[in-house]
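Asker: I'll drop the sequence and a predicted model, then ask my questions.
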Amino acid sequence: MKRFAGVIAVTLMLTGLACWIAAPSQAATAAKISFARGSPLLKEKPLKIVAMAPKGSLHNPYDGNAKMAKEGHALFMSYGCSGCHGGGGGGGMCPPLINGVWIYGGSDDTLFRLISLGSQKLTQKGYQREALENVVGPMPEMGVVIKQSSDLWKIITWIRSAYDGPPNHKYH
Ligand code: HEC
């Protein structure tokens, strides 16, 4: 048991170190894409955004906004995410979205791309699995049905608001 705890501590330390090393380089390479109020990008299809935006440049303009989170939950239900991830995002047939585990990383940029492209296309673009959830399977390319990027940002806002993992892991 003690040894097990030691392994976990070392893993957490290494994960923390990796985030620390990755963060400055990402910030240096990608200028932030603006989704300011009234921006035409908010009405653009998520797949178009993903194709044009450099890696690391996507940031959620609604993060922390309770009204957007509420709308995001309605969209989460209507786009059928709940069928796989459960109505509360706690998982079901498919992995939970609100625990402390992010399969490909938990940044806004990565989540936007994963949900738009699906896991197969995401990995074809060089993204790698960083963690394992209790269930493993392909995440579909939901960008083909999500009408506009603002819908996806609202959904991500809701996922963040429902998050109940360790606070320091919310965005990593
Ligand atoms: C057909 C079932 C299915 C549907 C529908 C679906 N997903 Fe997924 N989703 C998955 C699976 C399976 C994975 C895990 C992928 C992997 O392990 O590579 C996943 C992974 C994810 C992740 C990463 C979770 C983590 O812990 O890192 C997020 C976020 C996500 N989905 C959001 C959504 C959203 C938002 C929608 C709706 C727009 C949606 N999913 C629709 C099956 C689904």
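Answerer: All right, it came through fine.
Asker: from here on, contacts and neighbour counts on C-alpha atoms
Answerer: Fine.
Asker: Let me know the helix or strand that the residue nearest in space to the middle of the chain is in.
Answerer: Centroid-nearest residue in the chain: residue 111, 2.3 Å away (criterion: CA atoms, centre = their mean). Per DSSP states H and E: residue 111 is located in helix 108-124.
Asker: so the helix or strand following that helix versus helix 108-124, what angle?
Answerer: Remark: after helix 108-124, the chain's next helix or strand is helix 149-162, criterion DSSP H and E. Orientation check (axes from the mean of the first three to the mean of the last three CA atoms, to 10 degrees): helix 149-162 against helix 108-124 gives 110 degrees.
Asker: From the contact counts, what lies against helix 149-162?
Answerer: In this structure, helix 149-162 packs against helix 46-52, helix 66-78, helix 108-124, with contacts taken as 3 or more CA pairs under 8 Å, 6 or more residues apart in numbering; DSSP states H and E.
Asker: Please state the offset of the last one from the chain centre?
Answerer: This points to helix 108-124. 8 Å (CA atoms, centre = their mean, to the nearest Å).
Asker: name the helices or strands packed onto it?
Answerer: Counting contacts by 3+ CA pairs under 8 Å, 6+ apart, helix 108-124 packs against helix 46-52, helix 149-162.
Asker: can you list contacts of the shortest one?
Answerer: Taking contacts as CA atoms under 8 Å, 6 or more residues apart in numbering, the residues outside helix 46-52 that touch it are 41, 112-113, 116-117, 143-144, 146-149, 152.
Asker: And these, which of them are buried?
Answerer: For the contacts of helix 46-52, a burial check counting by 16 or more other CA atoms under 10 Å picks out 41, 112-113, 116-117, 143, 146-149, 152.
Asker: which among those residues are in contact with the ligand?
Answerer: The subset of those within reach of the ligand, by CA under 6 Å from any ligand atom, is empty.
Asker: Pull the most distant pair out of those.
Answerer: 41 and 117 (17.6 Å; CA to CA).
Asker: Mean neighbour count, the helices and strands packed on helix 108-124: which tops it?
Answerer: Each of the helices and strands packed on helix 108-124 was scored by mean neighbour count; the highest is helix 149-162, a mean of 23, by mean count of other CA atoms under 10 Å.
Asker: Would you map out the domains in the protein?
Answerer: For the chain, the structural domains run 1-30, 33-169, going by automatic domain parsing.
Asker: what's the least confident stretch among those?
Answerer: Mean pLDDT values for these show the minimum at domain 1-30, a mean of 47.
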